[in-house]
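> From the sequence below, what's the structure:
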Amino acid sequence: MSEMGHFKFSNKVLAIPLLAMIIIWAVYWLELALGVNFNEMGVMPRTLSGLKGVILSPFIHGSLEHLYNNTIPLGILLTALWYFYKDAAWKIVLYGILISGLLTWLIGRTSYHIGASGLIYVLASFIFFKGIFSSYYRLIALSLIVVFIYGSLLWYIFPVKEGISWEGHLAGFLTGLLLASVVKATIPKPKKYEWEKEDFKEEDDLFLKHFDEKGNFRELPTIEEVSEDDSFKVNYIYRSTDQKNEKE
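Have a look, this model is predicted:
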């Protein structure tokens, strides 16, 4: 697949991230409207009832600040995922939620773990490592952009701040790395120039014909050096000035 055919904008690139942001905001608004707290539907490590949070926790947030901090990164990273890795995007999101949620359930502290930050770490980790593994210049550039914008997220996979689920962040980071290693994604084939092709022969290249085998420029023959056998004809096509144009 060519680069232009692969990196092609579609409605999903904007619609799916927008839908995800609407859902998490709608869940928070529903909590306020009903006067309830959905925190107990988050991941509670190593309990049977806490397994429901593996699926539900990305949609639940503890405060407006928590929700706001997750909204913009989630939208940006989902947009990048659907634009650059559209054939594997659904797999990354679904497997990312499941695997990171289960890891959090296994390694987390005895507390409710909620929020979309686990998925955000999955996306950031996947996009970074997949770009590096692909060795494709546009995807490597995307990886560097992710590092530039979200590089500080790396600190929060460690217990550096109270009140955050560093276990969920670590689970998301490791899940993204795993998915980048095992999930196949279509990478466009870069354009190959003639000299890069396997069947390329230097003697067929018009430019290289001007150089000898040592790389020295070949001098073009002068007029005196051109023999009669090397002569060529030039046909001139002209119109007589006596002829009148049919149309002015």
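> What is the burial count for residue 167?
22 (other Cβ atoms under 10 Å). For every residue, glycine as well, the C-beta is placed using N, CA and C.
> Please identify the helix or strand for it.
Assigned by DSSP states H and E, residue 167 belongs to helix 166-182.
> Name the residues of that helix that come out as buried.
Residues 166-180 are the ones in helix 166-182 that count as buried (16 or more other Cβ atoms under 10 Å).
> Kindly indicate which of those lies nearest residue 61.
Distance to residue 61, by Cβ to Cβ, is smallest for residue 168 among these, at 12.7 Å.
> What number of neighbouring residues does the nearest residue in space to the closest one that is not next to it in sequence come out with?
Among residues not flanking residue 168 along the chain, residue 118 sits closest, at 4.2 Å (Cβ to Cβ, 6 or more residues apart in numbering). Neighbours of residue 118 under the rule other Cβ under 10 Å: 30.
> Equivalent analysis for residue 91, please.
Residue 91: 14 neighbours (other Cβ under 10 Å).
> ok, now residue 164?
Burial measure for residue 164: 15 neighbouring residues, criterion other Cβ under 10 Å.
> thinking it is in contact with residue 155, fair?
No: counting by Cβ atoms under 8 Å, residue 164 sits too far from residue 155 to count as a contact (10.5 Å).
> Downstream of the longest helix seen in the chain, the next helix or strand is which one?
Looking across the chain with DSSP state H, the single longest helix is helix 12-34. Counting by DSSP H and E, the element after helix 12-34 in chain order, helix or strand, is helix 53-56.
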